[in-house]
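A.B. asks: one predicted model, sequence on top.
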Amino acid sequence: IYTLSLHDALPICIVSLDVLRGVAILGILPMNIQSFAMVGAAYWNPTAYGDLRGANYWVWLLSHLLADEKFLTIFCMLFGAGIVLFADHAEAKGRPPGPLHFRRMGLLVLFGILHGWLLWSGDILFDYGLCGIVVYPLRELRPRTLVMVGVSLMAVGSAIQTGFGISATHWPPDELRDRIDELWQPGPQTIADEIAGYRGSWLEEMKARAPNSFSEETFVFWAWGLWRESGMMLMGIALYRWGVLSAERSRAFYAGLIAVALAAGIPVTLYGTIRDFDRHWSFLYSFFYGMQFNYWASPLVALGWIGAVMLAYRSAIMRPFAAAGRMAFTNYIVQTVVCTTIFYGYGFALFGKVERTGQFAIVVAIWIF
């Protein structure tokens with residue numbers, strides 16, 4: 001976004017977006033590293049693999065309350081704002097923005113496919129490229145309408161998850177056991193196979209990664225990503241047009257966003273977590289219904305993070321975050337390269353060996369780097 005400025009003195013709004021983007025790109029790593037370092041089921045079900053006592057428990061819980069889906073939500077919102085900025089800039093130069101936008105989204109989808117299949121199945125670029133195509137024609141709607149459509153799209157994703165939960169009670173027992181073993185509570189052999197795959201050669205990793213990448217880009221995208229991510233992008237456009245993302249609102253306004261996160265977002269997420277533990281992280285409850293609490297509460301926590309960043313972005317300590325935000329794409333890919341080198345077989349092969357406390361120490365080191 002810095003390249004859009006025509007003057008040496010950059011507008012305050014541009015700096016605030018860079019800072020927020022930098023915070024978001026670093027903030028997603030505490031969750032992503034669980035996918036890099038542990039069997040896939042442990043990302044959703046913390047009891048599926050690894051120690052969950054003492055410091056490991058607190059690392060997981062704080063990451064879940066403060067980071068899980070929160071920074072991804074912020075990044076989606078910023079992506080929506082970026083669509084508007086890019087289109088406005090193109091129109092100001094007398095160029096039709098549509099062809100330029102769709103070409104950029106096509107390239108992003110291509111990068112996402114390469115990233116997801118060759119390096120890490122947790123890629124999000126593919127989703128953003130497709131959602132950017134969906135969101136673009138809606139960018140001129142009024143902010144309130146954008147929010148209403150965004151919430152409605154989120155509701156579709158929530159309804160799909162609930163519908164699968166209702167249908168799961170009628171699945172044949174063998175199919176239910178297979179889904180639990182694959183997605184939620186893998187057995188010893190499934191865990192051993194996954195660990196062996198990611199500690200092996202790149203080709204062996206590819207065999208383990210390919211089914212997950214295919215699932216992420218097909219079923220998961222159409223059942224979850226399309227609705228939630230597009231909805232958050234539309235809300236991001238609304239927040240940008242209201243001046244929320246460009247530090248144009250009052251300090252009291254941003255303090256109010258923090259209050260919403262503390263009074264509603266975090267407590268709702270925590271309540272959902274308590275219910276998951278009460279149900280012993282049952283697949284039929286937690287996978288389909290327990291996730292709904294964080295699904296809906298995470299945008300409220302994300303607004304709290306936005307409020308905090310907008311209050312602090314002028315301070316010198318935030319300058320490194322602005323630098324990270326200006327290179328968000330590069331930083332995202334570098335996180336993958338660094339983490340796969342640490343955990344996968346073509347590097348140090350630590351997959352499945354590092355507990356959550358050690359993972360967070362690696363996160364801090366990557367932040368500093």
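C.D. replies: Now that the structure is in, tell me what you want to look at.
A.B. asks: need the contact list for residue 279.
C.D. replies: 285, 286, 290 (CB atoms under 8 Å, 6 or more residues apart in numbering). C-beta here means a position set from N, CA and C on the backbone, and glycine is covered the same way.
A.B. asks: I'd say the second one and residue 274 touch.
C.D. replies: No - using CB atoms under 8 Å as the test, residue 286 is too far from residue 274 to be in contact (11.7 Å).
A.B. asks: so between the two, which is more surrounded?
C.D. replies: Ranked by neighbour count (other CB atoms under 10 Å), residue 286 and residue 274 place residue 286 first, with 21 against 11.
A.B. asks: what helix or strand is the closest residue to the more buried one other than its chain neighbours on?
C.D. replies: Leaving aside its sequence neighbours, residue 286 sits nearest to residue 276 (CB to CB, 6 or more residues apart in numbering; 4.7 Å). Element membership for residue 276 (DSSP states H and E) is helix 266-278.
A.B. asks: so which elements touch that helix?
C.D. replies: Judged by 3 or more CB pairs under 8 Å, 6 or more residues apart in numbering; DSSP states H and E, helix 266-278 is in contact with helix 54-66, helix 291-312.
A.B. asks: and of the ones you listed, who's closest to residue 252?
C.D. replies: Evaluated over these, closeness to residue 252 peaks at helix 291-312, with 10.3 Å, by CB to CB.
A.B. asks: ok so, going back, does the residue nearest to residue 286 really touch residue 287, like I thought?
C.D. replies: No - counting by CB under 8 Å, residue 276 does not reach residue 287; the two are 9.8 Å apart.
A.B. asks: just the CA coordinates for the one helix or strand residue 258 maps to, please, in PDB.
C.D. replies: Using DSSP H and E, residue 258 maps to helix 251-260. Taking C-alpha atoms only, helix 251-260 is exported to PDB below (Å, rounded to 0.1, in the frame of the first residue of the first chain):
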ATOM      1  CA  ARG A 251      -9.900   7.300  21.200                       C
ATOM      2  CA  ALA A 252     -13.100   6.700  23.100                       C
ATOM      3  CA  PHE A 253     -14.400   4.800  20.100                       C
ATOM      4  CA  TYR A 254     -11.400   2.500  20.000                       C
ATOM      5  CA  ALA A 255     -11.500   2.000  23.700                       C
ATOM      6  CA  GLY A 256     -15.100   0.900  23.200                       C
ATOM      7  CA  LEU A 257     -14.000  -1.700  20.700                       C
ATOM      8  CA  ILE A 258     -11.500  -3.100  23.300                       C
ATOM      9  CA  ALA A 259     -14.400  -3.100  25.900                       C
ATOM     10  CA  VAL A 260     -16.500  -5.200  23.500                       C
END
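A.B. asks: touching that helix from outside, list them.
C.D. replies: 244, 300, 303, 304, 306, 307, 308, 310, 311.
A.B. asks: mind running it again at 6 Å?
C.D. replies: Outside helix 251-260, the residues that touch it by CB atoms under 6 Å, 6 or more residues apart in numbering are 300, 303, 304, 307, 308, 310, 311.
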